[in-house]
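[1] Sharing a model that was predicted from the sequence below.
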Amino acid sequence: MNDFGLLFNTVFSTGLFNEMLRRATPVAIAAIGGALTQHAGIMNIGMDGMILMGAFFGVLGSSIFGSAWAGLGLAVLVGVLVGLFFGLFVVKFKSDEFIIGTALNTFAVGLTSFLSRSIFGTQGAKGYPSLPNVTIPGFDKVPVLGAILNGHSLFVYLTWLLVLLFYLYIYRTPQGFWLRASGEKPQTLRTAGIAPERMKWTASILCGVLCCIAGAHLSLGYLNGTFAEKMSNSRGYIAFACVIFAASNPAKAYLAALMFGFFDAIGLRLQAYISSDLTSIIPYAITIIMMTYVVVSTRKKREKIHRRADI
Amino acid sequence: MNEKQNGFFANLAEKLNLRYIGSLVLSVLLAFLICAVILAVAGYDPIATYGAMWNGAFDSLRHVGDFLEYAMVLCICGLACVLGARVGIFNVGGEGQLLLGAIFACQIGIWLQGTTAWIVIPLAAVGAMVAGGLYAFIPGWLKVKQKVDEVITTIMMNSIAAFLCQYLAKGPWKNANKNMVAATARLNADYWFGNLIPRSNLTTAIIAAAIIAFAVWYVMQKTATGYEMRITGSNPRFAFFSGLKTDKIVILGMVVSGMMCGLVGMFRVYGVEHLYRASISNDYYFEGLTVAMIAQYNPVTTIYLSLFFAVLKIGAQGIELIGVPSQIYLIMQTVIIFFMAAEKGISESIQKSLQARRAKQAAIARMKGGVSHE
Amino acid sequence: MGEIAVQFKHISMEFPGVLANDDITLDIRKGEVFALVGENGAGKSTLMNILYGINTPTNGEVFIRGKKVEHFDPGVAISLGVGMVHQHFMLVPSFTVAQNIVLSREPKKMGVFFDNKGAEKETEKLVKTYGLTVEPSAVVQEISVGLQQRVEILKTLYRGADILILDEPTAVLTPQETDELFAVIRKIVREHGMTVIIITHKLYEVMQISDRVGVMRKGKLVGVENTSDMDERKLASLMVGRPVLYENLDKEDDIGDEQIRVDDLVVGDNRGLVAVDGVSLSVRSGEILGIAAVEGNGQSELLEAITGMRKIESGSVTIRGRQINGMDPGAIRGIGLAHIPEDRISTGVCADASVSDNLLMGKERNPEFNTLGIAQNNAAIRKYASEIYEKFDIRGAGIDVNVGSMSGGNMQKVVVAREFSFDAPVLIISQPTRGVDVGAIEFIHEQIIQQRNEGAAILLSSADLDEVFRLSDRIITLYEGKVTGEFKASEITKEEIGYFMTGKRETEAAHE
């Protein structure tokens, strides 16, 4: 019992939640982008590649201009281009979005590794100017919350803003209604006089930008100016899982990302007791179980027959 | 005579699907061109690079053996994907099935250490197929019986399998050697597949792979089962309506696909690596899936293209020798996919704009005509 | 009344390989109800899609209230006061009624946000003005089809339409809902001065609702008349291009044992509503039982349940003495049943496969086509497919082309050919000639009668009442999933049947 108490205290420390927040953020930003494309009826498997591009070009910009902000700017610009590229194939040419997404992931691995080796050599890029950490003076004295929330990289906080912003965009603005209509029933939007492609383009570009910001945060914030090959490390797929898990709601997707961050962080802490490889499995398994649950329960509801309700 | 000849050529054209071949060749040429530009911009000599690529694949028998081995991996993975696609299920989970097949096959060899290879190798193959097949059964069953999208579940299951194998290789089944962090014990050399070309990766596994490829092709193209699979994949409602047990066909297609991936894992362990570690597959299934996509899920085309992409990949290792990063290969491969996937869309939008221009010209001509009449 | 609302001038519309509209010139007057009739594929919807800006005509001009339409786009059409209610509703299922109505013209608050309360208020206002009652905050996927149609109409009114196009509006409606719709149309025309164009192929509706009628045939406008100068017979012969005269079919009377028996059957539809509500029937060999019902009254679900395509909730179905509850279509076919499904493209054929593959389906395991069980015998398959192709007079580019590239009529012949080639003692036939040209109709009817004369028990459902009358020995009427009457085909008229199809029961009728 005492052992357990000790274990409990070491594991569930403020550090755990601090780590959870840190690890969740890159996934969460990408997931917001994924929510947008998902609402527009595009299954975006290619987020991993988009993140990788953002990560690389963030560091590249930082190394060229000597400023992390310039790196972020370059990542955003690349995000627009990647979004346009994705939209060109998926929206304009109506290619299979799965093929394009998969190819985009491989393409990003190839391009960033190739350029990284050409520019930075085989060692990869390290120690370039990074995004600042935000420490609110005095806040670190606040018990518990201070230790969890204070001193993170900038985008940990900006993500909250992004979640709010895009939540409002999707559910509270006319454009958000158009976006959802473009995915759910594009023909309806067209007959209302708005081309659904317009919303799909918008979603693609925004998703490209958000994923590249996620990537830039990863290389410039999370890892302080470092690029390593394949550093997105399947975060794009995790973000996609969050989107599915959250039914494309950015707020819920953020919570899902926190869950991934939690299991990620707890795995490290439990290493002495249980392999972190096993705890890493949990979020993926939960996604499959949740998805199955949602699909099965809606079908069960529909299958239970009832008599037509009189009007 | 002439007419007959025309008929013959029309038939031949139809058989070869000239449009497909034309756009494939064009895509490949464009990919080489685009990569040449990228190389030049990055400060490398494109011609020297392509020369080194050719040498990398063909300068020695050893390299030929290596690309044949890799072609085998691509081909079986690609055919596994084709098999799933044929019955209307998209197996994105081959990577996980491959890893599980590899680690179980390896462990069987270690458990049975000392037993004759005549028992160990068949058992390992069965173990790999069972592991891969069962792992594919789960998403297959979920799709057919519960209508859960298989793409997402298989992607998730890839990650799960990777972590699980890593856990096993680091933990319970770990190599006694402390320097090897995440690897199982090494197989007894008695169980290794024999080398066909010395010092290359090419082993007798390729014979087994060739038999599998032939069997898959034969079943899909030549039998009533293949016919039923094709109809099921193309219009499942019609297939069910016509009396086929579509659920069974889809699940079985997925399971066989998983079994093939598991076997590839076993081939990698018993042929090349001789123990399990993560490098057993570096997203090889995804590359095979890519080949299948470019081949538009045609089994024969998949086999040919596997060879082509294997040459590119092994050749790309040769360009490292002159200091060019080999990843240009990935760029080349994906550029080809982008073009092939967009081929229909591109040609349609070109046609559309041509049509619009023609209509505009016609309208202008009409207007002009009208004016001159007045 | 003399004002012109819409003017089509020499409109032609060409799709790859089809001339859907051929030099159409037509004026539609302000404040009238104009009916546009024609068979499937006559070009009615194409013409209306041009007016609504979805299609850009290959040739010709459109004027709306005297203003030439320069740019064909739904947005432009809406701003010119054109509204369209499509056959397949254009509603976002997860949005509320109000959200659907204001889509693309949303009221805002604080300049950027969607004003949900405002939207509901706007909806309320429309509801009051036009008397079309709906609940603004209801979610669209949860309301009935009739209500959804009201939402569609309100949507066009919200957008300020004064020219309203209704594409086959009654296809999915119950008779009461149809009556309500017509009342609404009359009201908006009379009280609000709207112009209504209604596309339909139901002639009695034309007579009931329209002021003028235009008839289209094969892309051409073949006549425009005052409805009061017309009757259904004249309209029908204009539509098909010849007087509708069916030759009598040779029926031999040799009725045998009971082959299909349905007892107190209950089946649900895709939305989880009861579609078939306690139906019992029986069909003997050598007879055709026809089902007469307005679309959406359970006939589709009934046939699907009998053939194993849909789950049976309660009751039982017996085919040739064997209860088939819980069996899959393959097992039921094994008892001796063949099925021509309602929707040939989604169910009846594999569009991406060749004609020969489609004709082979169900026989691929026969020893003659499957050498030693390990190889398909392509020579035998081709020979067989060619024979069937000839026998059923299928006209196309041979047995190797994809079925998806064929015309509707020939595709249907492929279905008929395959299903009849089983020589099954029980045939379930749904919409055998929907969208099929006149020549092929004749041929398919003869084939059906031949199967009957050879002793098949046939259950037939068709939206075409003439077809039901022509082929059936007995007729049952279905209304809201219940059997409302059963008759000998020779002892009842179409008018009387119409009575039962709209909910009157046999017992009630007897009292009157």
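    Received the coordinates, thanks.

[2] Next one, pLDDT for C:Thr502 please.
    C:Thr502 is assigned a predicted lDDT (pLDDT) of 66.

[3] Over to C:Ile209?
    Looking at C:Ile209, its pLDDT is 90.

[4] show me what contacts it?
    With contact set as C-beta atoms under 8 Å, 6 or more residues apart in numbering or on different chains, C:Ile209 has these partners: C:Val33, C:Ala35, C:Phe182, C:Ile185, C:Arg186, C:Ile198. (Each C-beta comes from the backbone N, C-alpha and C, glycine too.)

[5] Helix or strand: which one has the last one?
    Looking back up the chat, that one is C:Ile198. In this assignment (DSSP states H and E), C:Ile198 forms part of strand C:195-200.

[6] For burial, what's the neighbour tally of B:Ala292?
    Neighbourhood size, B:Ala292 [other C-beta atoms under 10 Å in any protein chain shown]: 28.

[7] ok, it touching B:Thr302?
    Yes - with contact defined as C-beta atoms under 8 Å, B:Ala292 reaches B:Thr302; the gap is 5.3 Å.

[8] shared neighbours of those two, anything?
    B:Gly78, B:Leu79, B:Val82.

[9] now these in TSV, with pLDDT, distance to chain C and secondary structure?
    Formatted as TSV, those follow (pLDDT from 0 to 100; distance: C-beta to the nearest C-beta, whole Å; DSSP: H, G, I helix; E, B strand; the rest coil):
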residue	pLDDT	distance to chain C	secondary structure
B:Gly78	94	21	helix
B:Leu79	95	20	helix
B:Val82	94	16	helix
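
[10] Show the pLDDT at B:Gly369.
    54.

[11] Which positions within stretch C:318-332 qualify as buried?
    Across stretch C:318-332, burial judged by 16 or more other C-beta atoms under 10 Å in any protein chain shown covers C:Thr318, C:Ile319, C:Arg320, C:Ile324, C:Met327, C:Asp328, C:Pro329, C:Gly330, C:Ile332.

[12] Which of those fall within helices?
    In helices, defined here by DSSP state H, the members of these are C:Pro329, C:Gly330, C:Ile332.

[13] Find the nearest non-adjacent residue to the last one, please.
    Going back to what we said before, that points to C:Ile332. Closest residue in space to C:Ile332, ignoring its immediate chain neighbours: C:Gly308 at 4.5 Å, by C-beta to C-beta, 6 or more residues apart in numbering or on different chains.

[14] Am I right that the one you found is in contact with C:Ile335?
    No - between C:Gly308 and C:Ile335 there is no contact under C-beta under 8 Å: 10.2 Å.

[15] Now the common contact residues for these two.
    Both C:Gly308 and C:Ile335 are in contact with C:Ile324, where contact means C-beta under 8 Å, 6+ apart.

[16] neighbour-wise, which of the two wins?
    Taking other C-beta under 10 Å, C:Gly308 and C:Ile335 do not tie; C:Gly308 has more neighbours (25 against 17).

[17] May I ask you to confirm that B:Gln146 is in contact with A:Thr298?
    No - judged on C-beta under 8 Å, B:Gln146 makes no contact with A:Thr298 at a distance of 11.1 Å.

[18] out of those two, which sits in the more crowded spot?
    B:Gln146 (14 against 11).

[19] who touches the more buried one in this structure?
    Counting by C-beta under 8 Å, 6+ apart, B:Gln146 touches A:Thr292, A:Val295, A:Val296, A:Arg299.

[20] same thing with C:Leu460?
    C:Leu460 touches C:Ile288, C:Leu289, C:Gly290, C:Ile291, C:Ile429, C:Ser430, C:Pro432, C:Ile448, C:Val468, C:Leu471, C:Ser472, counting by C-beta under 8 Å, 6+ apart.

[21] which residue ranges form the helices in the stretch 401-512 of chain C?
    C:408-420, C:438-453, C:465-471, C:494-501, C:506-511 (DSSP state H, counting those that start in this stretch).

[22] same for the fourth one, what does it pack against?
    So the one you mean is helix C:494-501. strand C:288-292, helix C:465-471, strand C:474-479, strand C:482-488, helix C:506-511 (3 or more C-beta pairs under 8 Å, 6 or more residues apart in numbering or on different chains; DSSP states H and E).

[23] so how far is it off the chain centroid?
    On the basis of C-alpha atoms, centre = their mean, to the nearest Å, helix C:494-501 sits 19 Å off its chain's mean C-alpha point.

[24] ok so, going back, could you dump the ones in helices among the buried residues of stretch C:318-332 into JSON lines and include pLDDT?
    What follows is those, written out as JSON lines (pLDDT from 0 to 100):
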{"residue": "C:Pro329", "pLDDT": "92"}
{"residue": "C:Gly330", "pLDDT": "92"}
{"residue": "C:Ile332", "pLDDT": "93"}
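
[25] Tell me the one of these nearest A:Arg190?
    Distance to A:Arg190, by C-beta to C-beta, is smallest for C:Pro329 among those, at 37.0 Å.

[26] Which single residue of the stretch 201-350 of chain C approaches chain B most closely?
    Distances between the stretch 201-350 of chain C and chain B by C-beta to the nearest C-beta are smallest at C:Gly330, namely 3.2 Å.

[27] In contact with the residue of chain B found nearest chain C, which residues are there?
    Going by C-beta to the nearest C-beta, chain C is nearest to B:Gly243 of chain B, at 3.2 Å. Contact partners of B:Gly243, counting by C-beta under 8 Å, 6+ apart, are C:Asp328, C:Pro329, C:Gly330, C:Ala331, C:Arg333, C:Gly334, C:Gly362.

[28] right, and the first one touches B:Phe240 too?
    Yes - the criterion here is C-beta under 8 Å, and C:Asp328 meets it with B:Phe240 at 7.4 Å.

[29] and the angle for the helix or strand hosting C:Glu304 with strand C:288-292?
    Secondary structure assignment for C:Glu304, by DSSP H and E: helix C:299-306. Angle, helix C:299-306 to strand C:288-292, by axes from the mean of the first three to the mean of the last three C-alpha atoms, to 10 degrees: 140 degrees.

[30] who's in contact with C:Lys30?
    Contacts for C:Lys30 (C-beta under 8 Å, 6+ apart) come out as C:Met1, C:Glu3, C:Ile4, C:Ala5, C:Arg65, C:Gly193, C:Thr195.

[31] hmm, back to that, ranking the shared contacts of B:Ala292 and B:Thr302 by neighbours, who comes first?
    B:Gly78 (32 neighbours).

[32] From chain A, how far out is that one?
    13 Å (C-beta to the nearest C-beta, to the nearest Å).

[33] cool, and C:Leu51?
    Distance from C:Leu51 to chain A, by C-beta to the nearest C-beta: 13 Å.

[34] what's the burial count for that residue?
    Counted with other C-beta under 10 Å, the neighbours of C:Leu51 add up to 24.

[35] Please verify my assumption that it contacts C:Ile11.
    No - C:Leu51 is not in contact with C:Ile11 according to C-beta under 8 Å; the separation is 9.3 Å.

[36] list the helices and strands the helix holding C:Glu304 packs on?
    strand C:258-268, strand C:274-284, strand C:312-319, strand C:426-430, strand C:457-461.

[37] Mind listing what's buried along the second one?
    If you call a residue buried by 16+ other C-beta under 10 Å, then strand C:274-284 has these buried ones: C:Val274, C:Ala275, C:Val276, C:Asp277, C:Val279, C:Leu281, C:Val283, C:Arg284.
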